[in-house]
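Visitor: Make a model of this:
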Amino acid sequence: MKTEKQADESTTTQEPASTSQQEQIASLSYHIWESEGCPEGRDAEHWAQAEAQLSADAAAARTPGSEE
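Guide: From the prediction side, this is the model:
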């Protein structure tokens, strides 16, 4: 059985986004929302899409030989 501290540590997989990262995600999610015709009720989907895209972009930037 896990202790409370171990359970807390295992549920936290990554640190919260910094204010700058949140601003980037918000900006990109807004552009995604606009590009899709401003649909209502899909904000969480657009936020997740923006997070994934920025994460993939950051990973590509860290990968050796990814520059053209």
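Visitor: Relative to the whole chain's centre, how far out is stretch 42-59?
Guide: In terms of CA atoms, centre = their mean, to the nearest Å, the centre of stretch 42-59 is found 5 Å from the chain centre.
Visitor: For it, list every residue counted as buried.
Guide: Within stretch 42-59, the residues scored as buried using 16 or more other CB atoms under 10 Å are 46, 47, 49, 50, 51, 54. To be clear about C-beta, it is placed using only N, CA and C from the backbone, and glycine gets the same treatment.
Visitor: so where's this protein uncertain?
Guide: Under the criterion pLDDT under 70, the flagged ranges of the chain are 1-16, 65-68.
Visitor: Which secondary structure element is home to the spatially most central residue of the chain?
Guide: The centre of the chain sits closest to residue 51, judged by CA atoms, centre = their mean, with a distance of 2.2 Å. When elements are assigned from DSSP states H and E, residue 51 belongs to helix 43-62.
Visitor: for that helix, packing partners?
Guide: helix 19-35 (3 or more CB pairs under 8 Å, 6 or more residues apart in numbering; DSSP states H and E).
Visitor: Quick check: buried residues in the helix it packs on?
Guide: Neighbour-count burial for helix 19-35, with 16+ other CB under 10 Å as criterion, is recorded at 24, 25, 28, 29, 32, 33.
Visitor: Measure how far stretch 26-40 is from the centre of its chain, please.
Guide: Between the mean C-alpha location of stretch 26-40 and the chain-wide mean there is a distance of 15 Å, by CA atoms, centre = their mean.
Visitor: okay, the angle between the helix holding residue 51 and helix 19-35?
Guide: When axes from the mean of the first three to the mean of the last three CA atoms, to 10 degrees is applied, the directions of helix 43-62 and helix 19-35 differ by 120 degrees.
Visitor: hmm, who's touching helix 43-62?
Guide: Contacts made with helix 43-62 from outside it, assessed by CB atoms under 8 Å, 6 or more residues apart in numbering, are listed as 17, 21, 24, 25, 26, 28, 29, 30, 32, 33, 36, 66.
Visitor: Sounds good, over and out.
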